[in-house]
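Visitor: Build me a model:
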Amino acid sequence: MAEAIPPMDETDARRDRKSWSARSIGSRWQHRFFYALIRLAGRRAAHVMVVFVALYYVLFCPSVRDRARPYLSRRFPGRNALLRLWDRFRITVEIGRVLVDRAALGILGPGQLTVRHSHREDLLERVREGRGAILLTAHAGCWQFAMESLRMLETPVSLLLHREEGDVDLHIFEHRGDAGAFRIIDPAGPLGGALEMLHVLKQGEVLCIMGDRAMGGDRSTVEVDFLGGRVRIPVTPYQLASATGAPVVVIFPYTSGPGNYSLQVAKVIRVPEDLGRAPEAYRPYAEAFIRELEGFVEGRPYQFFNFFDMWNQEPMR
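Guide: So this is what the prediction gives:
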């Protein structure tokens, strides 16, 4: 079964990691300032500070301000200069508040925040099938809140996650000191983590993958239409599903109100078994995912935080 998942080309993977960084734009002292502010004054005070920080970035830091330009220009075509500035301010504030809430959940505990589920029982049923489950999400809302809420599944959960060297932005479990709460599979590891992911699913466990950006070369992706342009997205989730029989459950965590997050189960994708290795065989399932993502950004345009230029396949610097 392992041969059904083509290994990541290590040369492509190294080049991809070198040209793009997912590290936080903030320095160590800036993160520590916000962590201290959360401890001393609470989450709401940090939210207020985020507004001023976002205003500074948008007005005086073009390299930061323009990170969201590829997405926003597609989502809001034809905007004048003032509205473009407003869009960039809004999305910067949104991601800043998500990062504050993420830190607050780890530092202060879950008392100030709630996470609600839609179709919770449907998600539980997919896990109870015993063939594992692939939770496919995107850089939308706060995926870490989704992971926290998955404790209710009472099933081991693994994340496909690459941690950038030198990244000072702490995850929820790092604030709490329970880094063992979830198993981390590094896509930069041997064979892109394919064998580890197969093992997780074979054990009937849960695997969470981002579906809107690949770390490897083109042979692990297909082209699909997204917001009026062509983008390349990974087919690994669907190859895994074909190799194991696991359902692909598309989920999107999002902010639903002050202190409230929701986890939307958008779609369950069933991939036929034994489709082989050719990426083109998985195009219909990749397109099904991207249509759900388009629906998400249509309704919540300022909660999509993939700042990689998906359409030109070149990172914004």
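Visitor: Can you give me the distance of residue 157 to residue 135?
Guide: Going from residue 157 to residue 135 by CB to CB, to the nearest Å gives 8 Å. The C-beta positions use only the backbone N, C-alpha and C, and glycine is treated the same way.
Visitor: what's the answer for residue 282, then?
Guide: Relative to residue 135, residue 282 is positioned 17 Å away (CB to CB).
Visitor: before we move on, what about residue 241?
Guide: According to CB to CB, residue 241 and residue 135 sit 12 Å apart.
Visitor: Over to residue 234?
Guide: In terms of CB to CB, residue 234 sits 14 Å off from residue 135.
Visitor: Check residue 94 too.
Guide: Counting by CB to CB - residue 94 and residue 135 are separated by 22 Å.
Visitor: These two - which one has more neighbours?
Guide: Neighbours around residue 94 and residue 135, counted as other CB atoms under 10 Å, are more numerous at residue 135. The numbers are 27 against 20.
Visitor: need the helix or strand of the chain with the lowest average pLDDT.
Guide: Ranking every helix and strand in the chain by mean pLDDT, DSSP states H and E puts helix 10-19 at the bottom, with a mean of 43.
Visitor: All the helices of this protein, in order from the start?
Guide: For the chain, the helices defined by DSSP state H occupy 10-19, 28-41, 43-60, 62-65, 69-75, 81-108, 120-128, 143-149, 172-176, 194-202, 236-244, 283-299.
Visitor: Go through those and pick out the most buried.
Guide: Greatest average neighbour count among those goes to helix 236-244 (a mean of 26), per mean count of other CB atoms under 10 Å.
Visitor: what's it packed up against?
Guide: Contacts defined by 3 or more CB pairs under 8 Å, 6 or more residues apart in numbering; DSSP states H and E place helix 236-244 against strand 133-137, helix 194-202, strand 206-210, strand 248-257, helix 283-299.
Visitor: what do you get if the cut-off is 10 Å, keeping everything else the same?
Guide: strand 133-137, helix 194-202, strand 206-210, strand 248-257, strand 260-269, helix 283-299 (3 or more CB pairs under 10 Å, 6 or more residues apart in numbering; DSSP states H and E).
Visitor: Any figure for the gap between the closest residue to residue 158 other than its chain neighbours and residue 89?
Guide: The shortest distance from residue 158 to any non-neighbouring residue, by CB to CB, 6 or more residues apart in numbering, is to residue 183 (4.2 Å). Taking CB to CB as the measure, residue 183 falls 38 Å from residue 89.
Visitor: Could you tell me which residues touch both of residue 241 and residue 135?
Guide: Shared contacts of residue 241 and residue 135, defined by CB atoms under 10 Å, 6 or more residues apart in numbering, comprise 207, 247, 248.
Visitor: Need the pLDDT of the residue positioned nearest the centre of the chain.
Guide: In the chain, the centroid-proximal residue (CA atoms, centre = their mean) is residue 139; its distance is 3.3 Å. You'll see residue 139 listed with a pLDDT of 91.
Visitor: give me every residue that touches it.
Guide: Contact analysis of residue 139 by CB under 10 Å, 6+ apart lists 22, 71, 95, 210-213, 293, 303-308.
Visitor: Is it possible to get JSON lines of the residues you listed that adds pLDDT and distance to residue 28?
Guide: Shown next, in JSON lines, are these (pLDDT from 0 to 100; distance: CB to CB, whole Å):
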{"residue": "22", "pLDDT": "50", "distance to residue 28": "17"}
{"residue": "71", "pLDDT": "96", "distance to residue 28": "28"}
{"residue": "95", "pLDDT": "92", "distance to residue 28": "19"}
{"residue": "210", "pLDDT": "91", "distance to residue 28": "25"}
{"residue": "211", "pLDDT": "94", "distance to residue 28": "31"}
{"residue": "212", "pLDDT": "93", "distance to residue 28": "28"}
{"residue": "213", "pLDDT": "83", "distance to residue 28": "26"}
{"residue": "293", "pLDDT": "97", "distance to residue 28": "33"}
{"residue": "303", "pLDDT": "95", "distance to residue 28": "27"}
{"residue": "304", "pLDDT": "95", "distance to residue 28": "27"}
{"residue": "305", "pLDDT": "93", "distance to residue 28": "21"}
{"residue": "306", "pLDDT": "91", "distance to residue 28": "25"}
{"residue": "307", "pLDDT": "89", "distance to residue 28": "21"}
{"residue": "308", "pLDDT": "87", "distance to residue 28": "24"}
